[in-house]
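Engineer: Give the three-dimensional model of this entry:
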Amino acid sequence: MSEESRPVVLVTGSATGIGRATACRFAAKGYDVVVNYSRSEAEARETCRMVESLRAKTLLIQCDIGDDAAVCKMFEQIETTFGKLDVLVNNAATTHIVDHKNLEEMSEDKWDDILRVNVKGTFFCIRAAVPMLKKSGGNVVSVSSVAGIGGEGSSIAYAARKGAVNTLTKSLARALAPEIRVNAVCPGPVDTRWLRKMMSGEQIVQRTASYPLQRAAQPEDIADAILYLATGTTLTTGQCLVVDGGRTM
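Structural biologist: Residues are numbered from 1 along each chain as shown. Predicted coordinates for the structure are as follows:
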């Protein structure tokens with residue numbers, strides 16, 4: 001495959017966890033990768049090294065996706081460097097850990113922070129990607145959560161915002177068809193640094209023991225689902241694919 005013909009993927013929030021695993025999966029499949037981060041520069045540079053070890057080119061961009069102007073600059077940089085974009089993976093997200101019964105702690109500032117990144121940021125990235133994705137016949141995969149289906153998760157605001165990502169996926173699948181497909185993956189618990197801030201390893205095992213597959217996902221499990229929606233199907237759009245070990249059956 002010539003350098004000019006290699007497809008390009010942007011994975012937002014790809015410094016660690018699901019984002020890093022996804023960047024590596026796409027690199028192994030022959031994609032050049034735009035690695036995005038907000039604060040974790042050292043980890044993002046490590047992701048770049050991992051991707052480059054798979055013979056892919058990387059472009060490292062610091063960008064808070066909740067800032068629309070910064071998002072526009074990021075996509076201008078992608079177009080300048082690669083001249084195209086084939087897949088957008090919306091993985092960047094944030095949360096605040098608040099017990100669902102503690103309504104007073106779920107402050108307006110926390111609501112606004114989660115809305116700004118998880119919903120508005122996802123929309124900003126998709127909107128900015130549309131011109132290049134239309135040219136390439138590309139597609140979008142967003143990382144949502146089963147929290148957006150069942151109303152559980154790290155906080156009420158997080159669950160509500162992931163529900164918004166699910167409906168955003170369906171709305172944009174209609175709005176951007178037939179040129180651009182838009183889908184989402186809804187993981188259950190994923191054993192990442194983020195989850196380990198909320199639960200110990202023992203708690204994760206206890207939480208997932210009653211699931212049919214009796215384990216939490218690994219980042220690579222979710223990356224496989226993302227890769228499938230992006231490259232393994234051409235007639236799937238507007239779908240929110242649950243990957244949770246059978247939890248929500």
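
Engineer: Around Asp68, how many other residues sit close by?
Structural biologist: The number of residues packed around Asp68, counting by other C-beta atoms under 10 Å, is 15. Using the backbone N, CA and C atoms, a C-beta is placed for each residue, glycine as well.

Engineer: Actually, Trp194.
Structural biologist: The burial count assigned to Trp194 is 15, neighbours taken as other C-beta under 10 Å.

Engineer: next structured bit after the helix or strand harbouring it?
Structural biologist: Using DSSP states H and E, Trp194 sits in helix 193-196. Following helix 193-196 in sequence order, the next helix or strand is helix 201-208 (DSSP H and E).

Engineer: just checking, what packs against that following helix?
Structural biologist: Contacts defined by 3 or more C-beta pairs under 8 Å, 6 or more residues apart in numbering; DSSP states H and E place helix 201-208 against no helix or strand at all.

Engineer: Would you map the helices across the protein?
Structural biologist: Along the chain, the segments classed as helices by DSSP state H run 17-28, 41-52, 68-82, 108-114, 122-136, 147-150, 156-176, 193-196, 201-208, 219-227.

Engineer: can you put the ones you listed in TSV and add distance to Gln62 and mean pLDDT?
Structural biologist: Below are the helices of the chain laid out as TSV (distance: least, C-beta to C-beta, whole Å; pLDDT from 0 to 100):
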stretch	distance to Gln62	mean pLDDT
helix 17-28	14	98
helix 41-52	7	98
helix 68-82	9	98
helix 108-114	18	94
helix 122-136	15	98
helix 147-150	27	89
helix 156-176	23	95
helix 193-196	19	76
helix 201-208	31	85
helix 219-227	21	97
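
Engineer: Make JSON lines out of the ones you listed and add distance to Met249.
Structural biologist: Output for those, formatted as JSON lines (distance: least, C-beta to C-beta, whole Å):
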{"stretch": "helix 17-28", "distance to Met249": "22"}
{"stretch": "helix 41-52", "distance to Met249": "33"}
{"stretch": "helix 68-82", "distance to Met249": "37"}
{"stretch": "helix 108-114", "distance to Met249": "28"}
{"stretch": "helix 122-136", "distance to Met249": "27"}
{"stretch": "helix 147-150", "distance to Met249": "12"}
{"stretch": "helix 156-176", "distance to Met249": "18"}
{"stretch": "helix 193-196", "distance to Met249": "21"}
{"stretch": "helix 201-208", "distance to Met249": "14"}
{"stretch": "helix 219-227", "distance to Met249": "16"}
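
Engineer: among the ones you listed, which is nearest Asn91?
Structural biologist: helix 17-28 (4.3 Å; C-beta to C-beta).

Engineer: Alright, I will stop here.
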